[in-house]
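Trainee: the following comprises the amino acid sequence and a computationally predicted model.
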Amino acid sequence: MELIALPYQKQFYTYLPASNIYGRITVADLPISFHNLLNQQNGGYCSVSYSPSPRPSRDALNAVNISYIAGMFDQKKPVPGQVPSLFAQDEFFCRDYLAANKLIFFEDQGRCAYLGFDDDHPSQHPWVGYYDHLRQQEFGLADSFDEFLSTLEDRHFHSHQQTPGSYHIGNQLFLKAKSSQDIQNAFSYGLGVNDDYWLNLWRTYLVKTS
């Protein structure tokens, strides 16, 4: 699995290794595999994004869609339609519903994936969990971040319209598009996001790269 950069988002390539992220969790507590991923691309969309789950979710009967993995860069407030920073923990909707030892690295429309750390001794071996506020469900996805990455799958991506649409699912559709029909489907889905500025960013990018 690799992370795909969002073409219209400014890229940041450095972060302070001793920085505090949230509560007692610091950059040094993150798994080596997390560092390796961000060293290649500092936050981006997952090339394969479905994580097998023990229960049905909004995405599938036996999986959840983890659209992106947050980067590490200076950001006080996430920008709609862009990959957020781990350092913006207080701005995540799910933050108020999770314990301080859980570090959110993905969130979209009231659901999130997080790294769970030991309360007293944060280490480089956190587990990966999932929380959906709308469904009031929470469950584990993997015993480690390495295991989480190794189990990610590439599945048929459903672009069914929902209201409101998700910026992140829209971005996934554009990034995965391989044909003119795929692009058309992405724009059709994107209308549900109701953000002309965001859609114009994609129009501009696609014109430049066509």
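Mentor: Thanks, I have the structure now. Here the structure is a predicted model, which means the values were calculated and not measured.
Trainee: I figured Phe148 hits Leu141, correct?
Mentor: Yes. If you go by Cβ atoms under 8 Å, Phe148 and Leu141 touch, sitting 5.8 Å apart. All C-beta spots, glycine's among them, are computed from the backbone N, C-alpha and C.
Trainee: give me the more crowded residue out of those two.
Mentor: Taking other Cβ atoms under 10 Å, Phe148 and Leu141 do not tie; Phe148 has more neighbours (26 against 22).
Trainee: okay, and the common contacts of Phe148 and Leu141?
Mentor: Common neighbours of Phe148 and Leu141, using Cβ atoms under 8 Å, 6 or more residues apart in numbering, are 51, 128.
Trainee: helices of the chain, start to end?
Mentor: 32-40, 145-151, 167-176, 180-190, 196-209 (DSSP state H).
Trainee: among these, which comes closest to Asp132?
Mentor: Among these, the nearest to Asp132 by Cβ to Cβ is helix 167-176 (14.8 Å).
Trainee: got the angle for that closest one vs helix 196-209?
Mentor: Relative orientation of helix 167-176 with respect to helix 196-209: 10 degrees, computed using axes from the mean of the first three to the mean of the last three Cα atoms, to 10 degrees.
Trainee: give me the contact list for helix 167-176.
Mentor: The contact list for helix 167-176, computed with Cβ under 8 Å, 6+ apart, reads 4, 6, 45, 49, 65, 67-68, 80-81, 108, 157, 159, 182-183, 185-186, 189-190, 193, 195, 198, 202, 206.
Trainee: equivalent analysis for stretch 80-100, please.
Mentor: 6, 9, 19, 21-24, 43-45, 68, 70-78, 103-105, 107, 110-112, 114, 131, 133, 167, 170-171, 193, 195, 198, 201.
Trainee: now that we have these, which of them are buried?
Mentor: 6, 9, 21-22, 43-45, 68, 70-73, 75, 103-105, 107, 111-112, 114, 131, 133, 167, 170-171, 193, 195, 198, 201 (16 or more other Cβ atoms under 10 Å).
Trainee: quick one: low-confidence residue ranges for this protein.
Mentor: 14-18, 120-122, 157-163 (pLDDT under 70).
Trainee: ok, the residue nearest in space to the middle of it - contacts?
Mentor: Against the mean C-alpha coordinate of the chain, by Cα atoms, centre = their mean, the closest residue is Tyr68 at 2.7 Å. Contact analysis of Tyr68 by Cβ under 8 Å, 6+ apart lists 3, 43-46, 83, 106, 168, 171.
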